[in-house]
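J.: This is a predicted model, with the sequence first.
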Amino acid sequence: MSTIWNPWHGCEKYSEGCAHCYVYRRDESVGRDASEVRRNRDFDLPVRRKRDGSFVLPPGETVYACMTSDFFLERADAFRAEAWRMIRQREDLRFVIITKRIARFADCVPPDWGDGYPNVTITCTVENEKQCRIRMPILLSVPAARKQVCCEPLLTRVDLSPYLDGGIARVIVGGESGPEARVCRWEWVCDLYRQCTAAGVAFTFKQTGAKFEKDGRVFRIPRSRQMEQARKAAATYFTGGTGDGL
Ligand code: SF4
């Protein structure tokens, strides 16, 4: 089982992948300013208890942290120490932290981080080749129990191959959502799949995004079908199955 924990909400656009950020899009649609960063009511969710004294989040749950912000956001510096305390306390949960701000890692981890809390996966977003060259050397250099790369939204061909033997557990790939989505190309996805296979790194094609190009044709895919289409394509082309891909 998995759950999303958004201890704070709001963010600041940071790199190319942020151009059509869904947090900004959703907030705009309800007249809210996504650049205002505030603590959420759910801030204490990991340590919240039910009337019977047990935790609301049961042991073993995977917790995706900060999906409407960035865990290493500068404007959230005041909130982070308490968030780390909860993460440390709930060593029976698996926390996944996804960040574009891996460059801030050393300034943001707690004093007792050591080689990394065993229950925390650090996932670095790498949306294009430029950010790959900037962020991957940093990701490889930081201590963490488990590291992943998220190429989402995938905006260019990305060469992760020089970095994949450095302890990366999984690469997750996906396109961009929303009305202004940029094209994600099937050939870029396949290229990353080949790189991961060659390096023995797990690979997940999560979703196609709203505009997906294959064999020179651009498909417009509704949000409700983006994950399903990626699953079918992966079943057809990546595992030798018979899925009905694009
Ligand atoms: S880092 Fe993530 S949440 Fe923040 S602006 Fe960029 S895409 Fe949006």
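T.: Perfect, I can see it now.
J.: and the protein, what are its domains?
T.: 1-121, 152-246 (automatic domain parsing).
J.: Pull up the distance across the longest one, start to finish.
T.: Separation of the first and last residues of domain 1-121 by CA to CA, to the nearest Å is 16 Å.
J.: Briefly note if it comes near the ligand.
T.: Yes. Contact between domain 1-121 and the ligand, assessed by CB under 6 Å from any ligand atom, occurs at 11, 13, 14, 17, 18, 21, 23, 69, 70, 100. Every C-beta, even on glycine, is put in place using the N, C-alpha and C of the backbone.
J.: How about stretch 172-190?
T.: No. Legend: contact between stretch 172-190 and the ligand by CB under 6 Å from any ligand atom is lacking; minimum distance shown is 10.2 Å.
J.: if I read this right, residue 66 contacts residue 7, doesn't it?
T.: Yes. Contact criterion CB atoms under 8 Å: residue 66 and residue 7 qualify, at 6.5 Å.
J.: Am I right that residue 40 is in contact with residue 7?
T.: Yes. Counting by CB under 8 Å, residue 7 is a contact partner of residue 40 at 6.1 Å.
J.: Which one's more surrounded, the two?
T.: residue 7 (23 against 17; other CB atoms under 10 Å).
J.: In this structure, where is pLDDT below threshold?
T.: Within the chain, the stretches with pLDDT under 70 are 239-246.
J.: tell me, what residue is most central in it?
T.: Taking CA atoms, centre = their mean, the centroid of the chain lies closest to residue 98, which sits 4.3 Å from it.
J.: looking at this, that one is in a helix?
T.: No. Residue 98: not assigned to a helix; according to DSSP: H, G, I helix; E, B strand; the rest coil it is strand.
J.: related to what we said a few turns ago, got CSV for the domains of the chain, with distance to residue 141 too?
T.: Converted to CSV, the domains of the chain look like this (distance: least, CB to CB, whole Å):
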stretch, distance to residue 141
domain 1-121, 9
domain 152-246, 9
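J.: Much appreciated, bye for now.
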